[in-house]
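In: Just to be clear, the model below is a prediction. Sequence and coordinates:
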Amino acid sequence: MAAADLIMGEIIVTGATGNVGRQVVVQLLATGAAVRALARDPASAELPAGATLVGGDLAQPHSLEGALVGSDTVFLIWPFLTTEGAPAVLKAIAQHARRIVYLSSSGVNDDAGRQTDPINQLHADMELLIEGSGVEWTFLRSNTIASNARGWAEQIRTTHVVRGPDMAATAVIHERDVAAVAAHALTDDRHAGMKHVLTGPQVLSRAEQVHAIGEAIGHPTHFEKVPVEIARQRMLADGRPPALVEALLASADTRPESNLITSTVEEITGAPARTFRSWAEEHADGFR
């Protein structure tokens, strides 16, 4: 690798306290990169030593100014259900950083006028805004991330049954593999302008994921499909925002089946993508 290909400036990681963002911080630090971890409340953020904690909120673009000064590259996770506010955030980034690595969705179809569901449409809209921002970019189009299964933990601990709407099977990917690719993309200019599609090694249904968790904890566990209307009532009763409930249910109802499996993780990192079973074994204590 030529020295000119390496990014030497500071890297800002948004969503640094989340499942993927935290792993990106860890893996960047392992490369020796200078990392700034963005958090709404830096005082309460527990992140590895070596990362510089900086305050900022993507919902308040003006709050990002101090964090962005002197930055080079930004790892961007967009945590909202609409692109409202995104132009202002991208404008702030463009005033300081030269490149964005954006966590997108493998469901984005470049040839479609409209995407199959609201979440994929959101990512497609974000990609267009980033492309028009004047900043170099890399898109990591990730399949379903394994850490989403943590949302089933309470049901599994209490009943060993996961009840909810079903969703088309996908090649679930370990968040550490997403982060590993992100670390490469954030520290190597050769990924600029690339759209990397990231998947795990196996296409799994929700029932198969729940079964794998059951095997990891040593207790039979199964998935029970719930009609969409009942699922809506339960999710709203749990206090989830109505807009999020509708987006999730629309995805469950309209997302097509996909047998897509890519070798991108191994091609970029040199290691094969981890299985969902390995993820379940690593996180078994959280489901017991």
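Out: Structure's in. What do you need?
In: ok, I173 to D72 distance?
Out: Distance of I173 to D72, given as CB to CB, to the nearest Å: 27 Å. (C-beta placed from N, C-alpha, C; glycine too.)
In: So between the two, which is more surrounded?
Out: A side-by-side neighbour count of I173 and D72, using other CB atoms under 10 Å, places I173 first with 27 against 17.
In: Would you enumerate the residues in contact with A153?
Out: Neighbouring residues of A153 by CB atoms under 8 Å, 6 or more residues apart in numbering: G286, F287.
In: can I assume it sits in a helix?
Out: Yes - counting by DSSP: H, G, I helix; E, B strand; the rest coil, A153 is part of a helix.
In: Give me the distance between R255 and A168.
Out: If you measure R255 against A168 using CB to CB, the figure is 5 Å.
In: Now do the helices in the stretch 101-250 of the chain.
Out: Using DSSP state H, counting those that start in this stretch, the helices of the stretch 101-250 of the chain run over 118-131, 153-159, 175-187, 206-217, 228-237, 242-254.
In: What are the contacting residues of the third one?
Out: Under the criterion CB under 8 Å, 6+ apart, residues 6-7, 11, 19-20, 23-24, 26-28, 30-31, 33, 73, 75, 101, 103, 138, 140, 142, 145-147, 191, 194, 196, 198, 200, 264-265, 268-269, 271, 273-274 lie in contact with helix 175-187.
In: can we see that at 6 Å?
Out: 7, 11, 19-20, 23-24, 27-28, 31, 33, 73, 75, 101, 138, 142, 145, 147, 191, 198, 265, 268-269, 273-274 (CB atoms under 6 Å, 6 or more residues apart in numbering).
In: Off-centre distance for it?
Out: 11 Å (CA atoms, centre = their mean, to the nearest Å).
In: Now do it, average pLDDT.
Out: For helix 175-187, the mean pLDDT works out to 98.
In: Can you pull out the residues in contact with the helix or strand bottoming out on mean pLDDT in the chain?
Out: Lowest by mean pLDDT, DSSP states H and E among the helices and strands of the chain is helix 242-254, with a mean of 78. Helix 242-254 has contacts (CB under 6 Å, 6+ apart) with L81, T116, D117, P118, I119, P165, M167, V228, R232, M235, L236.
In: Now with 7 Å, please.
Out: 81, 116-119, 165-167, 228, 231-232, 235-236 (CB atoms under 7 Å, 6 or more residues apart in numbering).
In: tell me the two of those that are most distant?
Out: Greatest spatial distance in these: T116 and L236, 23.7 Å, computed using CB to CB.
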